[in-house]
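Trainee: need coordinates for the below:
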Amino acid sequence: MKNEGLDAVLLNPGPTLPYLSGLHFHISERPVILCIPTVGEISIVLPELEKQKLEHATFPLSSHTYSEDLSSWQVGFNAALSGLAASGASKIGIEPRSLRVLELRFIESALDVDNLASYELVSCEKAVAQMRMRKDEAELNLMREAVDMAESALEETIPLVKVGVSELEISSILIQRLLAHGSGGELPFQPIIAFGANSANPHAVPTDYCAREGDLILFDWGANNQGYFSDLTRTFALGEPDDTLRSIYEAVQNANAAGRAQSSPGVTAGSIDNASRSTIAEAGFAEYFTHRTGHGLGLEVHEEPYIRGGNERIMEPGMTFTVEPGIYLDGHGGVRIEDDVVITESGAESLSTYSRELRILPV
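Mentor: Have a look, this model is predicted:
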């Protein structure tokens with residue numbers, strides 16, 4: 001915070017609050033804000049019904065609760081943030097992608113009550129990302145287990161993919177298997193199950209389309225292990241695919257390998273993207289690779305560092321991210337192969353081990 005010139009950070013429920021505090025709250029109609037100042041005590045405003053959670057706090061903090069009486073909500077915010085004016089706080093960090101207008105209005109009113117006229121709300125996401133994107137061994141072990149959950153669930157689902165089965169049916173089965181293998185119920189995202197031409201949509205939603213012989217079968221799925229996520233993609237063929245689909249599969253497989261090979265400490269995130277992208281371009285499919293090569297992964301399914309062209313972020317040991325090149329032929333089919341990768345001291349390790357070879361499923 002001091003390096004970024006921040007006098008305080010205000011966090012509402014989301015990945016960063018439990019990461020820094022060990023306290024867990026859900027986003028709901030009842031606002032919660034944790035106030036971390038550089039000077040003075042940490043404070044929290046929360047509903048009375050959740051006060052028991054503070055028994056698990058491992059650091060001193062002052063709590064300010066409110067009741068179901070709506071007039072008490074602003075009173076709680078005023079009390080929780082009253083120390084900011086006394087300390088002369090002026091630059092206050094928030095997470096723009098997480099903070100809602102609901103909390104923002106209470107915060108603004110509380111700061112105005114204290115006549116903190118010169119305060120400025122700024123993004124603290126850079127300061128947060130510097131910590132969260134480098135995982136320690138305990139975090140990496142949770143992510144490895146999340147990968148194992150996901151891979152085991154897929155392997156039990158694949159035999160059920162037959163001609164005539166729908167994307168929705170397979171999605172339901174995969175979700176059941178994820179939960180059976182220990183995934184938390186709040187999955188990283190709804191699995192993307194896309195057959196045939198639907199696989200050419202990178203963010204397809206499962207439909208009632210039923211698989212046909214020759215279809216590509218794309219799975220993009222992940223598990224939640226105590227808040228840490230896995231995010232994988234594998235593409236199969238139901239029976240023999242045509243020559244074009246085989247060609248794009250080979251190009252994507254090579255691009256995935258190139259991206260993983262480029263991953264090492266000291267290189268830029270953009271260079272990893274370029275390694276995958278140039279491989280696809282050399283195969284003649286540049287215009288059909290329409291998204292970045294990957295994104296950071298951890299407590300969020302999309303976080304820093306982003307593996308995109310032009311990103312000069314230097315990769316460091318402990319950074320975890322996806323390598324997921326794809327080729328999408330509208331009306332025909334698409335291929336994506338996605339692995340979860342961590343930068344090590346000497347190179348990179350793929351947390352995912354599921355085969356990347358084209359697997360032909362029996363008709």
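Trainee: what's the closest residue to residue 1 other than its chain neighbours sitting at in phi/psi?
Mentor: Using CB to CB, 6 or more residues apart in numbering and skipping residues adjacent in sequence, the residue nearest residue 1 is residue 38, 5.4 Å away. Any C-beta I mention is one placed from the backbone N, CA and C, and that applies to glycine too. Main-chain dihedrals, residue 38, degrees, to the nearest 10: phi -80, psi -20.
Trainee: residue 38: neighbouring residues, count only.
Mentor: When neighbours are counted by other CB atoms under 10 Å, residue 38 registers 14.
Trainee: now do the contacts for it.
Mentor: Taking CB atoms under 8 Å, 6 or more residues apart in numbering as the criterion, residue 38 is in contact with 1-2, 6-8.
Trainee: cool, residue 48 as well?
Mentor: Contacts of residue 48 by CB under 8 Å, 6+ apart are 65-67.
Trainee: list the buried ones in stretch 24-34?
Mentor: 25, 30-34 (16 or more other CB atoms under 10 Å).
Trainee: actually stretch 303-320, sorry about that
Mentor: For stretch 303-320, the buried set under the neighbour-count rule, 16+ other CB under 10 Å, comprises 303-308, 311, 313, 315, 318-320.
Trainee: can you put the residues you listed in a markdown table and add distance to residue 76?
Mentor: A markdown table is the format used below for those (distance: CB to CB, whole Å):
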| residue | distance to residue 76 |
| --- | --- |
| 303 | 30 |
| 304 | 32 |
| 305 | 37 |
| 306 | 37 |
| 307 | 41 |
| 308 | 41 |
| 311 | 41 |
| 313 | 39 |
| 315 | 43 |
| 318 | 38 |
| 319 | 38 |
| 320 | 37 |
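Trainee: residue 5 and residue 121: what is the separation?
Mentor: 13 Å (CB to CB, to the nearest Å).
Trainee: of these two, who's got more company?
Mentor: Legend: neighbour count by other CB under 10 Å for residue 5 and residue 121, higher for residue 121 (16 against 12).
Trainee: any idea what that one is bridged to?
Mentor: Note on residue 121: beta-bridge partners residue 92, judged by DSSP bridges.
Trainee: so what does the lowest-mean-pLDDT helix or strand in the chain touch, helix or strand wise?
Mentor: Least confident helix or strand, the chain: helix 82-86 with a mean of 82, by mean pLDDT, DSSP states H and E. In this structure, helix 82-86 packs against strand 33-37, helix 101-113, with contacts taken as 3 or more CB pairs under 8 Å, 6 or more residues apart in numbering; DSSP states H and E.
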